[in-house]
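Visitor: Sharing a model that was predicted from the sequence below.
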2 protein chains.
Amino acid sequence: MQAINAGDAMFALAHLALLRAPAEPARLLRAMRVFEQMCVQLTIGQHLDLSFEARNDVTAEEYLRMIEGKTAALTAAACEIGALLGGGDEATVRALAGFGRWLGIAFQLQDDVLGIWGDPALTGKQDSDLANGKKTLPVLYAAERDPRVRAHHARGGRPDSAEVAQIRTLIEAAGGKDHAERAAREAYASALAALEAVGLNNPAGQALRALAERLVERRR
Amino acid sequence: MQAINAGDAMFALAHLALLRAPAEPARLLRAMRVFEQMCVQLTIGQHLDLSFEARNDVTAEEYLRMIEGKTAALTAAACEIGALLGGGDEATVRALAGFGRWLGIAFQLQDDVLGIWGDPALTGKQDSDLANGKKTLPVLYAAERDPRVRAHHARGGRPDSAEVAQIRTLIEAAGGKDHAERAAREAYASALAALEAVGLNNPAGQALRALAERLVERRR
């Protein structure tokens, strides 16, 4: 109870921090709206993510909708609010929202690949996402194509390391890894294209490009 | 988990509703700040209230600080935001904030009296606050004056109806009921005085006076 209440306090304090940003009132109000809409999107994503735990029929499409809310909405709003408070024009604000959205998707898909094929010594994740039964894009894509992946997926429970290795091989054979990596690269390219559209060739634009590259190339 | 998430969604939707209010940007931003500061105050009040459950040494003073956060902050902000969005001048905004604050305190103290001496058929409360061990002002005031009330208070557990009747008599004898009723009346008078200070003699002012009277005179 105290933890929930402390979370509510932090939520209100985050709003107060945003309200202290030095910006003209109309821009600050627009930033507030972007922030609130993002919060609603986050709760939709969180709702989907929680509901997936109890389901065995989650589709790749539903998964992408979930990460739109849980990850992409957050990065999109962060970039859009930055553009708004930084005094960007309408085209820049929209471009940065698009950049942030695609960056969030690219980041999450890369995270999903690392969650199965990453080096635990680098990622710091003790367990493969497969051991935890997480329904990420590589798994869902493969489950739609290979009944053996689907069967594992539906069985639930906690697989041992031999089973994890076996299912990982099946997912790779069904194209789950390639698909997720390709989707991550495409999202990354879309993020860069959004930036290019407004030709943000200043230190801020370069920093965003470098951030995008680091997030997508990362191994940890 | 889904319930907490749904609560977060409603919190964000409440912000969006306020952001849709038709008001000039600077006023709307000020209303947002009042709203967020209220939310922080509510969490402080809620924190105190939760922490009181596990304590036997809560003072009347601490109790009043708790209801400042949990009740008065809410009614103060509701009135202040109404004045702001209704285009009130600075004196009216401050007066209505004060009115709301005192009204909240009066309402809560009246609620505490009804929680012990109210007619369950009217209040709809099945159990006396005494049966539930709630630490409201009449109890805390009496506990500071009569060791028997303090002993009951410290014992915890769920008293039966004979014990409830006995402790109620002790609280009355120690002046707990009179004290809370007097404090409620004083808070009510302060609420009206705040309104009078700006001479709000229009239908809105009359409606606020009528609301205050109804809340304090209520028996349910």
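Guide: The structure has been received and is ready for your questions. Numbering: from 1, shown residues only, chains lettered A, B, ... in the order given.
Visitor: list the buried ones in the helix or strand containing residue A:103?
Guide: Using DSSP states H and E, residue A:103 maps to helix A:90-117. Within helix A:90-117, the residues that count as buried by 16 or more other Cβ atoms under 10 Å in any protein chain shown are A:92-117. All C-beta atoms are positioned from the backbone trio N, CA, C, and that covers glycine.
Visitor: and what of stretch A:145-156?
Guide: A:146, A:149-150, A:152-153.
Visitor: Take those and keep only those in helices.
Guide: Among those, the residues falling in helices (DSSP state H) are A:149-150, A:152-153.
Visitor: Now distance to residue A:219 and pLDDT too, for the residues you listed, in CSV please.
Guide: CSV is the format used below for those (distance: Cβ to Cβ, whole Å; pLDDT from 0 to 100):
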residue, distance to residue A:219, pLDDT
A:149, 25, 92
A:150, 30, 90
A:152, 26, 84
A:153, 26, 79
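Visitor: of all those residues, which comes closest to chain B?
Guide: Nearest to chain B out of those is residue A:153 (Cβ to the nearest Cβ; 22.0 Å).
Visitor: could I get stretch A:1-14 in PDB with only the CA atoms?
Guide: Coordinates of the C-alpha atoms in stretch A:1-14 are reproduced here as PDB (Å, rounded to 0.1, in the frame of the first residue of the first chain):
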ATOM      1  CA  MET A   1       0.000   0.000   0.000                       C
ATOM      2  CA  GLN A   2       2.800   2.400   0.900                       C
ATOM      3  CA  ALA A   3       4.600   1.500  -2.300                       C
ATOM      4  CA  ILE A   4       1.600   2.200  -4.500                       C
ATOM      5  CA  ASN A   5       1.100   5.500  -2.700                       C
ATOM      6  CA  ALA A   6       4.800   6.400  -3.100                       C
ATOM      7  CA  GLY A   7       4.400   5.700  -6.900                       C
ATOM      8  CA  ASP A   8       1.400   8.100  -7.000                       C
ATOM      9  CA  ALA A   9       3.500  10.700  -5.300                       C
ATOM     10  CA  MET A  10       6.300  10.300  -7.900                       C
ATOM     11  CA  PHE A  11       3.800  10.500 -10.700                       C
ATOM     12  CA  ALA A  12       2.600  13.900  -9.300                       C
ATOM     13  CA  LEU A  13       6.200  15.000  -8.700                       C
ATOM     14  CA  ALA A  14       7.000  14.200 -12.400                       C
END
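Visitor: Give me the contact status of that stretch with chain B.
Guide: Yes: against chain B, stretch A:1-14 shows contacts by Cβ under 8 Å from any Cβ of the partner chain at A:1-2, A:4-6, A:8-9, A:11-13.
Visitor: What residues does chain A have near chain B?
Guide: Residues of chain A found near chain B (Cβ under 8 Å from any Cβ) are A:1-2, A:4-6, A:8-9, A:11-13, A:15-16, A:19, A:25-26, A:28-29, A:32-33, A:36-37, A:39-40, A:42-44, A:46-47, A:50-51.
Visitor: which ones are touching the closest residue to residue A:70 other than its chain neighbours?
Guide: The shortest distance from residue A:70 to any non-neighbouring residue, by Cβ to Cβ, 6 or more residues apart in numbering or on different chains, is to residue A:45 (3.3 Å). By Cβ atoms under 8 Å, 6 or more residues apart in numbering or on different chains, residue A:45 lies in contact with A:66-71, A:73.
Visitor: Please produce JSON lines containing the residues you listed, extended by secondary structure, distance to residue B:139 and pLDDT.
Guide: Formatted as JSON lines, these follow (DSSP: H, G, I helix; E, B strand; the rest coil; distance: Cβ to Cβ, whole Å; pLDDT from 0 to 100):
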{"residue": "A:66", "secondary structure": "helix", "distance to residue B:139": "49", "pLDDT": "97"}
{"residue": "A:67", "secondary structure": "helix", "distance to residue B:139": "52", "pLDDT": "97"}
{"residue": "A:68", "secondary structure": "helix", "distance to residue B:139": "52", "pLDDT": "96"}
{"residue": "A:69", "secondary structure": "helix", "distance to residue B:139": "47", "pLDDT": "96"}
{"residue": "A:70", "secondary structure": "helix", "distance to residue B:139": "46", "pLDDT": "94"}
{"residue": "A:71", "secondary structure": "helix", "distance to residue B:139": "50", "pLDDT": "96"}
{"residue": "A:73", "secondary structure": "helix", "distance to residue B:139": "47", "pLDDT": "98"}
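Visitor: Just put these in CSV and tack on neighbour count.
Guide: Listed next are the contacts of residue A:45 as CSV, based on neighbours: other Cβ atoms under 10 Å in any protein chain shown:
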residue, neighbour count
A:66, 22
A:67, 22
A:68, 19
A:69, 20
A:70, 20
A:71, 21
A:73, 24
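Visitor: Residue ranges in chain A under the pLDDT threshold?
Guide: The model of chain A has no residue with pLDDT under 70.
Visitor: In it, what residue spans correspond to strands?
Guide: Per DSSP state E, chain A carries no strands over any range.
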